[in-house]
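> 3D model of this:
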Amino acid sequence: MVPMRPLAFLCLAVPGLVGCEHAEAPPSCRGLSASDVRAIHALVDAYRTSWLKGDARAVLGTFSADAALLPAHGAAPIVGIAAIENYWWPAGGPPSTITKLDITIDQLEGDCNVAYSHGRDDVAWTMDQDGRTQAYGHPGTYLNVYRKLPSGAWRISRHMWDDGPVTK
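You can find the predicted model right below:
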């Protein structure tokens, strides 16, 4: 069996992903450069720290305009920045604060246009409801697909996760 290149795999796994019309990357584009790896690590850290700062605009800024969330438990995909904002920060929703967000990158692969990573995450948050503050949290795993924009910046294109048991 011949191993599949990362971009070819992603083109099969994420239909419609930009760059998939040529599943075989040219030799100059195969693999991630050291600067691409650093940029993607910085992007994941910006995502994490933006949540911890409670900065919704900065969190949304880590995603491409056509990004999709693929939530746990078989929930329907959330597509586009406006839909992601409404999903995570619904109008009239209870005030919530992320108090912990640890993210590992256990594997990072790709080429000069598209990359993917998976790893573990551990999140904790508080939610104010009925005059009381409740604390929640859970561990989980995630899969991210990243796309390099024409500007050279990397953004999260697809974010998929599962949730471990909720802790109170």
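> buried residues in stretch 106-114?
Neighbour counts over stretch 106-114 (16 or more other Cβ atoms under 10 Å) mark 108-114 as buried. For every residue, glycine as well, the C-beta is placed using N, CA and C.
> Which positions in the longest helix along the chain come out as buried?
Taking DSSP state H as the criterion, the chain has its longest helix at helix 34-53. By neighbour count on 16+ other Cβ under 10 Å, the buried set for helix 34-53 is 36, 39-40, 43-44, 47-48, 50-51.
> could you dump the residues you listed to JSON lines with distance to A83 and pLDDT?
Below are the buried residues of helix 34-53 laid out as JSON lines (distance: Cβ to Cβ, whole Å; pLDDT from 0 to 100):
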{"residue": "D36", "distance to A83": "28", "pLDDT": "97"}
{"residue": "A39", "distance to A83": "26", "pLDDT": "98"}
{"residue": "I40", "distance to A83": "24", "pLDDT": "98"}
{"residue": "L43", "distance to A83": "21", "pLDDT": "98"}
{"residue": "V44", "distance to A83": "22", "pLDDT": "98"}
{"residue": "Y47", "distance to A83": "17", "pLDDT": "98"}
{"residue": "R48", "distance to A83": "22", "pLDDT": "98"}
{"residue": "S50", "distance to A83": "18", "pLDDT": "98"}
{"residue": "W51", "distance to A83": "18", "pLDDT": "98"}
